[in-house]
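*Asks:* need a structure here:
(2 chains)
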Protein chains: 2
Amino acid sequence: VARAVEVPELVQQARAGRPRAVGRLVSLVEDGHPALREVMAGLAPYTGQAQVVGVTGAPGVGKSTIVAGLVRALRGQGLRVGVLCVDPSSPVTGGALLGDRVHLQAHALDPGVFVRSMATRGQLGGLAWSTPQALRILDAAAFDVILVETAGVGRAEVEVASLADTTVVVVAGEVADGVQAAAAGVLEVGDVYVVNRADTPGAEEALRELRAMLRAGGRPGPGAWRPPVIRAVAVQGEGVDRIARALRDHELWSGESGQLAERRARRAAREIEVIVSRIRRARSGVVADHPLLAGFAEEVVAGRMDPYLAARRLMEAMRREDPEG
Amino acid sequence: VARAVEVPELVQQARAGRPRAVGRLVSLVEDGHPALREVMAGLAPYTGQAQVVGVTGAPGVGKSTIVAGLVRALRGQGLRVGVLCVDPSSPVTGGALLGDRVHLQAHALDPGVFVRSMATRGQLGGLAWSTPQALRILDAAAFDVILVETAGVGRAEVEVASLADTTVVVVAGEVADGVQAAAAGVLEVGDVYVVNRADTPGAEEALRELRAMLRAGGRPGPGAWRPPVIRAVAVQGEGVDRIARALRDHELWSGESGQLAERRARRAAREIEVIVSRIRRARSGVVADHPLLAGFAEEVVAGRMDPYLAARRLMEAMRREDPEG
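*Replies:* This is a model prediction of the structure:
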């Protein structure tokens, strides 16, 4: 595969929204393929159009059902929708996904919907590296909205969700031990809150608790965004339109207030940071195999060189070999 | 402290074996002080004389008592002895050490003995970085033998012990659940084995088991080193002279066989490697604060740059600022 990737062609086809090309580019991300540099250079001018929506919450709260409802609602408005499911613990590869996600099977033949589960396969940098790259691909492929669903509320997943343009936090209506415990770590990052399974006993309590917690965060200033708390029974489609409307409202508000530009700049900065540290980490693995190392080590043993000088010389040599960095 | 370090003077005094200077240089290692580069450059020509002996084994087997016995024995032969205790989990700083180590108090006023416990304080690279640096200091300070005692048998500790010129593995005579379990992870690395508390019931069993395991490793070829298994009752000084003799035998054998040169080259190579990755890791932390990052992030958001190009430009800029690497 490595040399057979015809980047300009794939980029061309992905821009035209061809699902196979989009899927192949996302696979390059999963593989950490060296052609990604060229891919990203080719895609850059076509990015920045999609609204990136993070959907997060503890496992089992019904995120997938809500995502499926949103796909239906947004599709009904004629929007092209991408869905990226990221699960740091899953060894599953992308291909098998649509079959697993019964809720989304209705869209299997719809070219306006692209669904992909992404495995990070222990990639250096993990989700923080792979997710923005995959988003970039879907963005350039002219999807209007990209829903990023995270599997749980681990540190990496919350980071991914919080770097979206709009972040939806889902809690379940029947949480016995309180919203706080159920959504520890995510509650600060929401732009839209959803209490799913709002028809179960306890849901009113969960709603009240959530609203109290948001109020406890302090009164928003004039012109600030007030995160709505939406009741949903996603399996019956209840509340989904309200969520879709809230996403649209937040997009408008964040565009006007400057929040969107700010978040995207933060996301890009983080993306650059992760790429730099990935390049560095990939290189450190190579030191042990470098042909100059043995000779330098002997110089150090003989006392003709100190280890810092040897390290510096080695780094200089590696730079000369790969000056592009 | 940072700017007040007078490196050439400290190096001079350490070479003359002045304990205070040696101690201060080891503190620079604990602090990850930038002056270390200069220190190591100054010391390099004077290294390579000491025999570095790793002493390892599970906690509680009596390593400290054996080390104390060896100090006495080696001192009796007129040798200058350095002791470096490394404990990755200990937050203890060096100064307090001699007081703790009751076995070594007899040498508190002897300038021919230097004892130091080293804390790594969460240093990048940990033991693998700090231990060789400290060894280098003691080596240049003209100690004939340096005993490196590790606190336990963790991965980092076993690595440190195995990179010594000679490695002593200690097991306790009374191990109830077998030598294998008690010394899991260390058994392969020994050049000299010690069954301590050989006067307890079960010690014969431990000895037999240990010998069987070493035999199971295969018959050594002609001229190969056959690791001796030594009975000791270290609190009574029994067996210590035999250990000291085994250390001397191994030193002679490894010098003649080429093993010593090979191990030292491996140790130096590992040392260089760890310094390189430490320099790199220290730098990656800085990316997030780099003044160019925000501007590059905006270019990426605007689609005028892709994140790989931004990462590369950032790395180039950082290199120009710190071309010494």
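*Asks:* which element is A:Pro222 on?
*Replies:* Using DSSP states H and E, A:Pro222 is not contained in any helix or strand.
*Asks:* repeat for the one 3 residues further on
*Replies:* For A:Trp225, there is no enclosing helix or strand under DSSP H and E.
*Asks:* try A:Ile230
*Replies:* Secondary structure (DSSP H and E) places A:Ile230 in strand A:229-231.
*Asks:* What of A:Ser277?
*Replies:* Element membership of A:Ser277, judged by DSSP H and E, is helix A:259-287.
*Asks:* mind listing what's buried in the helix or strand just after that helix?
*Replies:* Heading C-terminal from helix A:259-287, the first helix or strand you meet, by DSSP H and E, is helix A:293-301. For helix A:293-301, the neighbour count (16 or more other CB atoms under 10 Å in any protein chain shown) marks A:293, A:295-301 as buried. Glycine gets a C-beta too; all of them are placed from N, C-alpha and C.
*Asks:* Can you tell me which helices and strands helix A:293-301 packs against?
*Replies:* Judged by 3 or more CB pairs under 8 Å, 6 or more residues apart in numbering or on different chains; DSSP states H and E, helix A:293-301 is in contact with helix A:307-321, helix B:259-287.
*Asks:* Could you give the average pLDDT over it?
*Replies:* Mean pLDDT, helix A:293-301: 93.
*Asks:* Tell me the bridge partners for the nearest residue to A:Asp165 once chain neighbours are set aside.
*Replies:* Nearest non-adjacent residue to A:Asp165, counting by CB to CB, 6 or more residues apart in numbering or on different chains: A:Val52, 4.6 Å away. Beta-bridge partners recorded for A:Val52 (DSSP bridges): A:Ile146.
*Asks:* list the contacts for A:Val52?
*Replies:* A:135, A:139, A:146, A:148, A:164-166 (CB atoms under 8 Å, 6 or more residues apart in numbering or on different chains).
*Asks:* cool, A:Gly17 as well?
*Replies:* Contacts of A:Gly17 by CB under 8 Å, 6+ apart are A:80, A:111, A:141-143.
*Asks:* Now that we have those residues, which of them are buried?
*Replies:* For the contacts of A:Gly17, a burial check counting by 16+ other CB under 10 Å picks out A:80, A:141-143.
*Asks:* ok, the helix or strand harbouring A:Val29 near chain B or not?
*Replies:* Applying DSSP H and E as the criterion places A:Val29 in helix A:19-31. No. For helix A:19-31, no contact with chain B is found by CB under 8 Å from any CB of the partner chain; the gap never falls below 12.2 Å.
*Asks:* how many other residues sit next to A:Ile243?
*Replies:* 24 (other CB atoms under 10 Å in any protein chain shown).
*Asks:* Checking my notes, it in a helix, right?
*Replies:* Yes. Under DSSP: H, G, I helix; E, B strand; the rest coil, A:Ile243 sits within a helix.
*Asks:* Could you measure from it over to A:Val71?
*Replies:* Distance of A:Ile243 to A:Val71, given as CB to CB, to the nearest Å: 12 Å.
*Asks:* repeat for A:Ala140
*Replies:* 20 Å.
*Asks:* nearest to A:Ala35, of the contacts of A:Gly17?
*Replies:* Distance to A:Ala35 across those (CB to CB) is lowest for A:Ala141, with 16.8 Å.
*Asks:* Check the spacing between that closest one and chain B real quick.
*Replies:* 14 Å (CB to the nearest CB, to the nearest Å).
*Asks:* is it true that that residue touches A:Val22?
*Replies:* Yes. In terms of CB atoms under 8 Å, A:Ala141 counts as a neighbour of A:Val22; the distance is 4.9 Å.
*Asks:* Report the set of residues contacting both of these two.
*Replies:* In contact with both A:Ala141 and A:Val22: A:14, A:114, using CB under 8 Å, 6+ apart.
*Asks:* Identify the residue spatially nearest to A:Ala244, adjacent ones excluded.
*Replies:* Nearest one to A:Ala244, counting by CB to CB, 6+ apart, is A:Ala73 at 4.3 Å.
*Asks:* Now name the helix or strand holding the one you found.
*Replies:* Going by DSSP H and E, A:Ala73 is part of helix A:63-76.
*Asks:* What mean pLDDT does the helix or strand following that helix get?
*Replies:* Beyond helix A:63-76 on the C-terminal side, the first helix or strand identified by DSSP H and E is strand A:81-86. Mean pLDDT, strand A:81-86: 92.
*Asks:* next one: stretch A:171-190
*Replies:* According to the model, stretch A:171-190 has a mean pLDDT of 73.
*Asks:* Next up, the contacts around the residue nearest to the spatial centre of chain A.
*Replies:* Nearest to the geometric centre of chain A sits A:Thr131, at 3.9 Å (CA atoms, centre = their mean). With contacts defined as CB under 8 Å, 6+ apart, A:Thr131 is in contact with A:84, A:86, A:118, A:148, A:160.
*Asks:* Let me know whether A:Leu247 touches A:Val145 as I believe.
*Replies:* Yes. At 7.4 Å, A:Leu247 counts as touching A:Val145 under the criterion of CB under 8 Å.
*Asks:* joint contacts of these two?
*Replies:* Joint contacts of A:Leu247 and A:Val145 (CB under 8 Å, 6+ apart) are A:51, A:53.
*Asks:* measure the residue nearest to A:Gln77 when sequence neighbours are not counted to chain B for me?
*Replies:* Nearest residue to A:Gln77 in three dimensions, chain neighbours excluded: A:Ala244, at 7.8 Å (CB to CB, 6+ apart). For A:Ala244, the distance to chain B (CB to the nearest CB) stands at 25 Å.
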